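>>> When you get a sec, could you give me coordinates for this:
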Amino acid sequence: MAKTFTLTFAGDTSLGDWYLRKTGKENLVERLEKEPLSYFAEVKPLIEKSDYFILNLETVLEESPKPILEGKQYPNYDNPDRTLQVLKDLGVTAVGLANNHTMDFGSEVLLRTLNRLEKANIKTLGAGKDRKDASKPLKIILDGKKSVKNVYIFTGMRAGKRYREYGFFAENEKPGVNPLPQKGLSRKISNLRQEDPESIIIVCPHWQGEDYKWASDHGRIQERSKAFIDAGANYIFGHGPHMLNHIENYNGGTIAYSIGNFVFNSPGRYEKLDAPPYSVVVNMEIQEEEKGTWIVKNKFYPIVTDNKKTNYSVRRINEKEAEDIVYKFEKDELGLYIENTKHNIDDKSASKSEVNEIIAMITGEKKINQDKFKDIDSIEKQILALKEAQDRIDKNLKNYYSKLIRSNSMKRVEGENYHLYKMLADTIKKDYITHGMYLKFGKRKLNIHDAISFQNFIIQNAESKRLGNPYYAQMLDKKLPAYEFADKIGLRRPYTDPHVYKFSELKPQAGPVVVKPTSATGAMGVYLIYNENKILSVRDGKYLNSWDELVNDVQMEIERDKTRVRKYFKKDAWMIEELIIDPEKPDSLTDLKFHVFYGENVLVQEVIREDGGNKYQFWDANNKKVFTGKLDGEDQIYREAKGFNNEDLDAIIQASLEIPAPFMRIDMLKGNNELVFGEATYYPGGFHNFNAEWDRKLGEAYVNAEARLKRDLLEGKEFKAFNEIFFRSPSLTL
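Model prediction:
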C-alpha cells in the first residue's frame, strides 16, 4: 500500500497580544486568555492530519517588551507560554522567523524567542544567532517503505533599506533574520540540487512592504521567484501580503506568490485597501508508490482571514465565496480546495479589484486608462481582467433575465403581457436565452432580434475557413479568375493587358488605365492613371503628379509592408486594365457595391473616389436612401449619388445566382451609361459597423439565401460557369 506524508504550510500567524490590547477589544482579550484555541477552531481540521506543520510566526515570544526602534510600525509580541501551548496543540513542527516583526525588540528578545521555541521542541528557520544559523534550511526526512525522500525548506525576507538600518539582518557574529539574496540563495539551491538531486526543495519567502498588494505583479518578485525555480527549487510558498496571490506554473515548478495569513489577530485593512479577504493553507501530500517512486500533490485550501468579516474566527470559504476566486475547485472531506501539482498549475487570473476597475471603465464610471495598454505585460493583465469582467457581466445578466422572465407579471395570460415579451425580444442578446425562454418567445411567435446577425455569419465563415473548410466564393477574390468568370456569364468587365508583371517590369503609363496588384487588400496599390500628370492613389484619395511619384509611393508601401502584421501585398504580381470613367464625373471614380444574397439584392453602397477623399451613399432594394450605421457621418455622405437602374440590378441578381454562396458583394464601376464589373468579395470591410437594424436585415437575407441555395443544390443545380473556372487551373484569354 502506498505511503503518504502530509506537509502543511500556513502564512502569517500571531495571537495578537499587542494588537488586541486596545480599548474596545476587551472581549477578544478575554477570549485570548481563556480560549486561545478558539481562534483556530474553524481551520484546525485542515491541519489535524498533518505529519509536519510549518507556519510563519510573525511575532516574538515576550511579555510586554519595550519598543526600541523609533518609527517602527506595529511592534508585535505574544505571551510566550500561551503561544507555545497553542503551537503544540496545533501540532506545529517548525516556524519561519524571516519576517518584519522578529527583530521588533532587538536581538536579545529574538534569542529568547529562539530559546523558548527550541525548549518546546519546535524547530526554527529564517533567524538565528548569526548569519550561518539564520540561513540554514529546515531538513525533513520522509522515511518510506522502499526509499527515503529529503525535503529542504528555505526562508528569507526581502525588505527595504530601512530594515537594514533597523539592524534586522543577521551577520557573522550578530543575531537577526535571514535576507533573501537572489544570487546567494540561488547558488545554495543549485548546490543542494547537485548534492541531492531527488530531493524536494521549497522556498518560503517573506515579501515585506507588499501588505494587501499583488506581489505577483511585482517584476522583481517575479524575477526572484523564477530564479529560485531555475536554480532547482520545486515550490515557492510566499507570504507577507496578508492575502492570497496568484499561483502559477513555471519551468516545472509551482510558484504561490503569497499564501497570505493563517490566524493573525489584527484588525487588518482588507476592505480599506480593496484586497480580497482570502488566504490559503497548503497541504502537500507526498506519496511513495509501490515501486519506490514519489508523487507530490498540492492542495490549496482557501480560508477567510479578514477578521472584520469573520469576527476573529478565521474559517474555510464557502461555495458562494468560491465564486470570488478564479481557480478551479475540488472538494474533499476537509472542504473546498485548489489542486495543483508541479505539472498542472492554474494560470494567472485577474484580481477582483482589476475586474472591478475594468467594469467601471466599461460603464463609463471611470475613464479608460491608456496607461493600461503601455506594454505587453500590462495588456495581458487587461485581457485577463476583461475576460473575468465579461464572464461576470454575462453571468449576472443571464441570472437577471432568468429571474425577470419568471416574475409574476411575465406569467400572466399571453394577451396581457405580449408587449413585454416583444420589448424583451428586441432587447435580450441570444447569449442569455435559455431553452425555456426561447419556448416562451416561440409560443408568442416573436423573433429574437439578436439571434440572426450578418456580422456573425461573416465571422463564422472566416473561422470555418481557418478550420480548413473551404468557402468557395472566396475564389472570386482573385482578379484574373474573377474576370474569366465575368466573361463566362456575360458580365462586362474592364479590358485587361494579358500579361502579369513584377512591379519592376512595369513601364510608365500614359493613361487612361488602372495599375494594380493582382491580389491585395484595402485598395492598396491601386492607381488610376488619367494621364501622365494626373494619377489618383485610390487607397488614400491623394493625387500624384508623375510616374516617378507612383513608383516612390509603391516602394514606400512595400517597405512598410515588411513590418506590418497584416500584409497588404500578397505577392509581387501587377496588372494593367482599362480605366472606367463616368463622363458625368470624369475626374473621379464611382462604383456601386451590391450586397446580394443569392438572387436578392438588399443593399447598395455607392462610392465616389475623388481628390480629398471618398464619399458614400446607401440604397435599399427599392433604390431609396437609407442610413445603415456605416459611414453615416455628415462629411462622408455623397449627396449627389444617383443610385442604380433596374436593368443593371437584374444583371447583378442573375450573376449572384451563378455563385454557390449565400452572400457576395459585387462591385460595379460606373462607366459611360453602363456598369462594369470591378471585383467580388464574400468578406466586406467594415461589416461590424452596421447598426442593429441593418445587421438583422442582412442576417435574415443571408438565412433566406442559404435556404434557397440548399434547395437548388438538392435539386441538382450545377453552377457550370463557376465550376469550369475554379475547379481547374484558370487561364485568362484576352
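>>> For the nearest residue to Pro660 once chain neighbours are set aside, give me its contacts.
Using Cβ to Cβ, 6 or more residues apart in numbering and skipping the chain neighbours, the partner closest in space to Pro660 is Phe719 (4.9 Å). The C-beta positions use only the backbone N, C-alpha and C, and glycine is treated the same way. Residues in contact with Phe719, defined by Cβ atoms under 8 Å, 6 or more residues apart in numbering, are 658-660.
>>> Next one: Phe719 from Ala655, what distance?
Using Cβ to Cβ, to the nearest Å, we find Phe719 at a distance of 12 Å from Ala655.
>>> shared neighbours of these two, anything?
With contacts taken as Cβ under 8 Å, 6+ apart, not a single residue reaches both Phe719 and Ala655.
>>> Could I have the CA atoms of whichever strand or helix holds Ile229 written out in CSV?
In the assignment (DSSP states H and E), Ile229 maps to helix 219-231. As requested, the backbone C-alpha atoms of helix 219-231 are provided in CSV (Å, rounded to 0.1, in the frame of the first residue of the first chain):
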residue,chain,number,x,y,z
GLY,A,219,8.5,42.5,-11.5
ARG,A,220,11.4,41.9,-9.2
ILE,A,221,9.5,39.5,-7.0
GLN,A,222,8.5,37.5,-10.2
GLU,A,223,12.2,37.5,-11.3
ARG,A,224,13.4,36.4,-7.9
SER,A,225,10.8,33.6,-7.5
LYS,A,226,11.5,32.3,-11.0
ALA,A,227,15.3,32.4,-10.4
PHE,A,228,14.8,30.1,-7.4
ILE,A,229,12.9,27.6,-9.6
ASP,A,230,15.5,27.9,-12.3
ALA,A,231,18.2,27.1,-9.7
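>>> what's that helix in contact with?
Defining contact as Cβ under 8 Å, 6+ apart, one finds that helix 219-231 is touched by 158, 180, 182, 185-187, 189-190, 193, 203, 205, 207, 210, 215-216, 236, 238, 250-253, 255, 257.
>>> ditto for stretch 296-303
Judged by Cβ under 8 Å, 6+ apart, the contacts made with stretch 296-303 from elsewhere in the structure are 43, 46, 200, 234-235, 244, 247, 254, 256, 259, 262, 278-287, 314-317, 321-322, 325, 327, 330, 332, 334-342.
>>> Contact partners for the spatially closest residue to Leu476 that is not a sequence neighbour?
Taking Cβ to Cβ, 6+ apart, and ignoring the residues beside it in sequence, Leu476 has Ala680 as its nearest neighbour in space, at 4.2 Å. Taking Cβ under 8 Å, 6+ apart as the criterion, Ala680 is in contact with 473, 476-477, 482, 659, 664-667.
>>> hey, what's Ala680 bridged with?
Ile666 (DSSP bridges).
>>> If you rank every helix and strand of the protein by mean pLDDT, what lands last?
Within the chain, judged by mean pLDDT, DSSP states H and E, the helix or strand with the poorest mean is strand 335-340; its value is a mean of 70.
>>> ok, so of the contacts of Ala680, who is nearest Ala94?
The shortest distance between Ala94 and any of the contacts of Ala680, using Cβ to Cβ, involves Asp477 and amounts to 69.3 Å.
>>> What average pLDDT does the helix holding Ile229 get?
Here the mean pLDDT over helix 219-231 is 93, rounded to a whole number.
>>> if you count residues, which helix in this structure comes out on top?
Secondary structure assigned by DSSP state H gives helix 376-405 as the longest helix of the chain.
>>> what distance separates it from the centre of its chain?
Its chain's C-alpha centre lies 11 Å from the corresponding centre of helix 376-405 when counted by Cα atoms, centre = their mean, to the nearest Å.
>>> Give the buried residues for the next helix or strand after it.
Towards the C-terminus, the helix or strand next in line after helix 376-405, according to DSSP H and E, is helix 414-427. For helix 414-427, a neighbour-count test (16 or more other Cβ atoms under 10 Å) marks 417, 421, 424-425 as buried.
>>> Give me the buried subset of the contacts of Ala680.
Those of the contacts of Ala680 that meet the buried threshold are 473, 476, 482, 659, 664-667, by 16+ other Cβ under 10 Å.
>>> For Leu142, identify the helix or strand it belongs to.
If you go by DSSP H and E, Leu142 is part of strand 138-143.
>>> Just the residues contacting that strand, thanks.
Counting contacts by Cβ under 8 Å, 6+ apart, the residues touching strand 138-143 from outside are 5, 7, 52, 54, 93-94, 123, 125, 148-153, 286, 288.
>>> Between those, which sits nearest Ser353?
Lowest distance from Ser353 to these (Cβ to Cβ) belongs to Ile54, with 30.0 Å.
>>> you'd agree the closest one is up against Leu97?
No. With contacts counted by Cβ atoms under 8 Å, Ile54 stays clear of Leu97, the gap being 11.4 Å.
>>> Which residue of those two possesses the greater neighbour count?
Leu97 (29 against 26; other Cβ atoms under 10 Å).
>>> Leaving out sequence neighbours, find the closest residue to that one.
Take Leu97 and drop its neighbours on the chain: the residue closest to it by Cβ to Cβ, 6+ apart is Ala127, 3.6 Å away.
>>> doesn't Ala98 make contact with the one you found?
Yes. Ala127 sits in contact with Ala98 when judged by Cβ under 8 Å, with a separation of 6.2 Å.
>>> ok, Asp375 to Pro586 distance?
When distances are taken as Cβ to Cβ, Asp375 and Pro586 turn out to be 51 Å apart.
>>> can you redo the contacts of Ala680 as a markdown table with pLDDT?
As requested, the contacts of Ala680 are arranged in a markdown table below (pLDDT from 0 to 100):
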| residue | pLDDT |
| --- | --- |
| Ala473 | 82 |
| Leu476 | 89 |
| Asp477 | 84 |
| Ala482 | 92 |
| Ile659 | 95 |
| Met664 | 95 |
| Arg665 | 95 |
| Ile666 | 96 |
| Asp667 | 95 |
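>>> Just give me the closest of those to Thr59.
Asp477 (72.0 Å).
>>> wait, what's in contact with the closest one?
Contacts for Asp477 (Cβ under 8 Å, 6+ apart) come out as 519, 679-683.
>>> at 10 Å instead, please
Residues touching Asp477, when contacts are defined by Cβ atoms under 10 Å, 6 or more residues apart in numbering, comprise 519, 521, 679-683.
>>> Please indicate which of those residues are buried?
Buried by 16+ other Cβ under 10 Å: 521, 679-683, out of the contacts of Asp477.
>>> Now pLDDT and distance to Thr113 too, for these, in CSV please.
Listed next are those as CSV, based on pLDDT from 0 to 100; distance: Cβ to Cβ, whole Å:
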residue, pLDDT, distance to Thr113
Thr521, 72, 72
Glu679, 91, 82
Ala680, 92, 82
Thr681, 91, 77
Tyr682, 88, 76
Tyr683, 87, 72
